[in-house]
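>>> Take a look and give me a structure for this.
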Amino acid sequence: MKMLAWGLAGIAASLATPSVASEGGKSAYPNGAEALTIAALPPPGTYLLDYQYYYTADRLNDRDGNNVGPPDLSVDAVANIPRFVHVTNTKILGAALAMQVFVPVVNVNVRAGGSRQNKFGIGDLIVNPFVLGWNRKNTFFVLTMDTFVPTGRYKRTDLANIGNNYWTFEPVFAVSHFNPAGSGPEVSAKFMYDFNTKNTATQYRSGQAAHVDFAASYNFNPITIGVTGYYFKQTTDDKLNGVKVGTDGYRGEVFALGPLVRYQAGKVPIVAQWQHELSASNRTQGNSFWLKAAFRF
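Next up, the predicted model:
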């Protein structure tokens, strides 16, 4: 295969979105992490995919998209996320079998209401022992489920946390269409649905959510240029002690778009992308920046 696939299972690192005085509106998955070749598994072997991630925001929106955060609000999260993937020779129902684990190293800095806090350490891990990938000519599919493990440091009274203190189970379906042998157009999308357990430190349970990462691009070989984005929509209410939070269940929603570029440096693809959040409800609103590279052992 001419390029190592970014997607493999189309899953991003487990990086907890920094909380700003509330659990509502955050999620285990950093939206927009995946863009190109989301659903294409590379040949059997062991791979390292390294993600550099930066998220920044200076507003916290209510359900109508109005900024209700303090004037000095600032959220900055930086992470290096090594992702280890092993693609086996095993076939199940015609699909290649792979497995993966993510180990995010996260630094979060939050300022709000005259207070500031910084945290650094290992975030919530993702483990996934069962990734299935199919290939039909130039169309690729992946079906799997990620498990976000609450390994990151968390304290109920802290302004900044690098863990969520609850489990998230995320079924994933991803699809990509491109020509792996040469130049041409590419479209990719990764569909996810989140089920969250209760945070036992706060008795808060974040609602279920549907979200998608997507991209459309053209490969000029060795440079690919395109647009990438994400959409997140919470589908059930947040609950505290079993009771709906607020009048709307603090249901979050966000939509983002931005450019991407990939350079194929021999066998190593290098991808840079930026996504600007154009609208957000019951969430912070800001910008995501990604720099990614893939290597085969």
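
>>> what residue of the chain is the furthest out?
In the chain, the residue that sits farthest from the middle, by Cα atoms, centre = their mean, is G114; the gap is 29.9 Å.

>>> Could you find the closest non-adjacent residue to it?
D72 (6.8 Å; Cβ to Cβ, 6 or more residues apart in numbering). Just so you know, the C-beta spots here come from the backbone N, C-alpha and C atoms, and that holds for glycine as well.

>>> Let's verify that neighbour: helix, strand, or coil?
Following DSSP: H, G, I helix; E, B strand; the rest coil, D72 is assigned to coil.

>>> per-residue confidence at it?
Per-residue confidence for D72 comes out at a pLDDT of 92.

>>> The nearest residue in space to T46 that is not next to it in sequence: neighbouring residues, count only.
In space, and not counting its chain neighbours, T46 is closest to F297: 4.5 Å by Cβ to Cβ, 6+ apart. Neighbourhood size, F297 [other Cβ atoms under 10 Å]: 8.

>>> And F297, how far from I270?
Distance of F297 to I270, computed by Cβ to Cβ, to the nearest Å: 18 Å.

>>> Touching, Q273 and G258? I think so.
Yes - Q273 lies in contact with G258 (Cβ atoms under 8 Å); the separation is 6.5 Å.

>>> anything in contact with each of these two?
Residues touching both Q273 and G258 (Cβ atoms under 8 Å, 6 or more residues apart in numbering) are T228.

>>> Same drill for the two, tell me which one is more crowded.
Q273 (24 against 20).

>>> contacting residues around R262?
Counting by Cβ under 8 Å, 6+ apart, R262 touches 36, 217, 219, 223-224, 269-272.

>>> Mind checking the pLDDT average for the host helix or strand of K190?
Element membership for K190 (DSSP states H and E) is strand 184-196. Averaging pLDDT along strand 184-196 gives 97.

>>> got it, and stretch 259-279?
Per-residue pLDDT over stretch 259-279 has a mean of 96.

>>> just stretch 201-211 next, same as before
The average pLDDT for stretch 201-211 rounds to 95.
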